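Asks: with the sequence up front, the predicted model follows.
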Amino acid sequence: MSHLHSYFRRSTLPLLVVVCLAALSFSYAFADNSARPLAVQVIGDPDAAVAGKFAVGSASVGSKALTVTGVIDFLGAGTVHNYFTQGAGNNVQITTNVDEANVVGDATRSQWKLVMGSNLDWFSIRRSPAGGTYNEDALFFIEGSTGRVGIATVDTANGASIPFAPAARLHVETASGDGIWGVASATTGGNVGVYGLSYATSGYGVFGSANVGVSGLSASTPGFGVAGVASATTGTNYGVFGQTSSPSGYGVYYNGGLAGTGTKSAIVDTQDYGWRHLYAVESPQNWFEDFGQANLVAGEALVSIEPIFAQTVNLDLPYHVFLTPRGGFCSLYLAAASASSFTVRAQEGSTCEISFDYRIIAPRLDYEDLRLKPAQDPEAVAANLPPAFPEPASP
């Protein structure tokens, strides 16, 4: 036995056996198709195969390294498959969670599909929610002809096309919740949650149309809910502009105090002199006033204070009444004043019977103690504004 073992060690027989087996395997690989039980049939002659050109699901080799006709299946767990295929309109599709046993997707999981269009010229991401019936919604899509992007939930009726036309470069639409939420989470610096810019002379950086078109909120002590700055140093510009088309509406409505360093005025169109400013009368104290006319009878008049006006002022405190005689002259004076009326008499006595105008001024209710209240330095207020966002370069 030892001699036999030594012989095999020295002989070339093992090397010859290896070479023969390799040659047999090579010839078997390129034998006639009917003679080999391969799981995947490779179409093409040995030269084409060597050149790296193969076809799967087709009787002819294409011009590319690999030509596939049909569906590429990435098998998942159980009967769940993930497909890479060509759909209607030469669309390339990647579909996840396809359950071939039930035809539709696995009822316990949602099914997603990515579609890259050719004839339809769309790119889209679609989803069918978990359930026994396939019902596809497009969630994100790009219209190739316009480059417009849509983010919405659009029922495609399981068809190739998307019944939705993005109205802008980015169109976000939702039936519930918020359309866009912008958050700058850094706690320092002049970060911007949402920034809008328009280079058009009549454009809008940000435009809102809703029950509340634009809403601003600040939880900071020196914060600004909405800050408007017109930075041009010439011309007539507007830091904040408000407009209403309703006769009973408000161009600007505020809840709280109103303060500013400039004037407060109404703009009135005159017949001969164009639009003119009419300025508000200012006072160091918070007053409301009313006007009226009354008549002296036998030298005396009891004037009732209008009830609605009486509920806007504090008539328990001293108030002012200014009198102007009309249609004659009598020396009028305020004889008595109460929370509901005041009495006017003439020094000439009962012989004076004329009409007169009156002006009553009383402290505003709940603001009686306000008088020349200290104000914050306007420069200090401006210092609390966030730093100006850098101007982008012109397009």
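Replies: Received it, and whenever you're ready, just let me know what you need. Numbers count the residues shown, from 1 in each chain.
Asks: state the mean pLDDT of stretch 253-273.
Replies: Average pLDDT, stretch 253-273: 91.
Asks: next, the closest residue to A298 other than its chain neighbours: secondary structure please.
Replies: The shortest distance from A298 to any non-neighbouring residue, by CB to CB, 6 or more residues apart in numbering, is to S350 (4.2 Å). Bear in mind the C-beta positions are built from the backbone N, C-alpha and C, glycine included. Put simply, S350 is helix when judged by DSSP: H, G, I helix; E, B strand; the rest coil.
Asks: cool, I308 as well?
Replies: Assigned with three-state DSSP, I308 falls in the helix class.
Asks: any idea how far it lies from L323?
Replies: Plainly put, I308 is 22 Å away from L323 if you go by CB to CB, to the nearest Å.
Asks: between these two, tell me which one has more neighbours.
Replies: Shown here are I308 and L323; by other CB atoms under 10 Å, L323 has more neighbours (18 against 8).
Asks: so what's that one closest to, chain neighbours aside?
Replies: L332 (4.4 Å).
Asks: would you say R345 is within a strand?
Replies: Yes. Under three-state DSSP, R345 sits within a strand.
Asks: one step back: contact partners for the residue nearest to L323?
Replies: Contact partners of L332, counting by CB atoms under 8 Å, 6 or more residues apart in numbering, are 296, 323, 325, 344-347, 356.
Asks: try 10 Å
Replies: By CB atoms under 10 Å, 6 or more residues apart in numbering, the residues touching L332 are 296, 299, 301, 321, 323-325, 344-348, 352, 354, 356, 358.
Asks: how near is it to G349?
Replies: 12 Å.
Asks: who touches both of these two?
Replies: With CB under 10 Å, 6+ apart, L332 and G349 have common neighbours G299.
Asks: if we can go back for a sec, are any of the contacts of L332 buried, and which?
Replies: The neighbour-count criterion (16 or more other CB atoms under 10 Å) marks 296, 299, 301, 321, 323, 325, 344-346, 352, 354, 356, 358 among the contacts of L332 as buried.
Asks: and which of the residues you listed is nearest T146?
Replies: Ranked by distance to T146 (CB to CB), the buried ones among the contacts of L332 are led by Y358 at 69.0 Å.
Asks: pretty sure that closest one sits against F291.
Replies: Yes. Counting by CB atoms under 10 Å, F291 is a contact partner of Y358 at 7.1 Å.
Asks: overlap in contacts, those two.
Replies: Residues touching both Y358 and F291 by CB under 10 Å, 6+ apart: F322.
Asks: isn't A157 right up against S128?
Replies: No. Counting by CB under 10 Å, S128 is not a contact partner of A157; they are 11.9 Å apart.
Asks: show me which of the two is the more surrounded one.
Replies: Counted by other CB under 10 Å, A157 and S128 do not tie: S128 has more neighbours, with 20 against 9.
Asks: give me every residue that touches that one.
Replies: S128 makes contact with 95, 97, 104-105, 110-113, 134-137, 156, 158, according to CB under 10 Å, 6+ apart.
Asks: give me the element the residue sitting nearest the centre point of the chain is part of.
Replies: Centroid check for the chain by CA atoms, centre = their mean gives I180 as the closest residue, at 3.7 Å. Using DSSP states H and E, I180 sits within no helix or strand.
Asks: and the pLDDT for H5?
Replies: H5 carries a pLDDT value of 44.
Asks: cool, T343 as well?
Replies: Value for T343, per-residue pLDDT: 98.
Asks: also the one 4 residues further on?
Replies: What the model reports for Q347 is a pLDDT of 96.
Asks: ok, A165 next?
Replies: On the pLDDT scale, A165 is placed at 88.
Asks: residue contacts, it?
Replies: A165 sits in contact with 143, 146, 148, 150, 171, where contact means CB under 10 Å, 6+ apart.
Asks: would you say the last one is within a strand?
Replies: Yes. The secondary structure assignment for H171 places it in a strand, going by three-state DSSP.
Asks: once you drop chain neighbours, what's closest to it?
Replies: Nearest to H171 is G150, by CB to CB, 6+ apart, at 4.9 Å.
Asks: how about the secondary structure of that neighbour?
Replies: Under three-state DSSP, G150 falls in the strand class.
Asks: same thing with A382?
Replies: Relying on three-state DSSP, one would call A382 helix.
Asks: with the one 4 residues further on instead?
Replies: State at P386, reduced to three classes by three-state DSSP: coil.
Asks: now for it: which residues touch it?
Replies: Neighbours of P386 in contact, by CB under 10 Å, 6+ apart: 189-192, 223-224, 227.
Asks: so who does V149 touch?
Replies: V149 sits next to 123, 140-143, 166, 168-172 when contact means CB under 10 Å, 6+ apart.
Asks: gap between the residue nearest to A298 and V297?
Replies: Counting by CB to CB, the gap from S350 to V297 is 9 Å.
Asks: tell me the phi and psi of the closest residue to S340 other than its chain neighbours?
Replies: Nearest residue to S340 in three dimensions, chain neighbours excluded: I305, at 5.9 Å (CB to CB, 6+ apart). Torsion angles at I305 (phi, psi; degrees, to the nearest 10) stand at phi -80, psi 130.
Asks: you'd agree I305 is up against F288?
Replies: No. The pair I305 / F288 is not scored as a contact, 11.6 Å apart, by CB under 10 Å.
Asks: now the common contact residues for these two.
Replies: Shared contacts of I305 and F288 (CB under 10 Å, 6+ apart): 313, 319, 360, 362.
Asks: just the buried residues of stretch 161-173, please?
Replies: 162, 164, 166, 171.
Asks: ok, and F356, which helix or strand is that part of?
Replies: strand 355-363.
Asks: which neighbours does that strand have in its sheet, and in what orientation?
Replies: strand 287-295 (antiparallel), strand 320-326 (antiparallel) (DSSP bridges).
Asks: quick check: mean pLDDT of that strand?
Replies: Average pLDDT, strand 355-363: 98.
Asks: got the CA coordinates for it in CSV?
Replies: The C-alpha trace of strand 355-363 is given here as CSV (Å, rounded to 0.1, in the frame of the first residue of the first chain):
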residue,chain,number,x,y,z
SER,A,355,-80.6,126.3,19.6
PHE,A,356,-77.0,125.4,20.4
ASP,A,357,-74.4,122.9,19.5
TYR,A,358,-72.6,120.8,22.1
ARG,A,359,-69.4,118.7,22.1
ILE,A,360,-69.0,116.1,24.9
ILE,A,361,-65.6,114.6,25.7
ALA,A,362,-65.3,111.8,28.3
PRO,A,363,-62.5,109.3,29.4
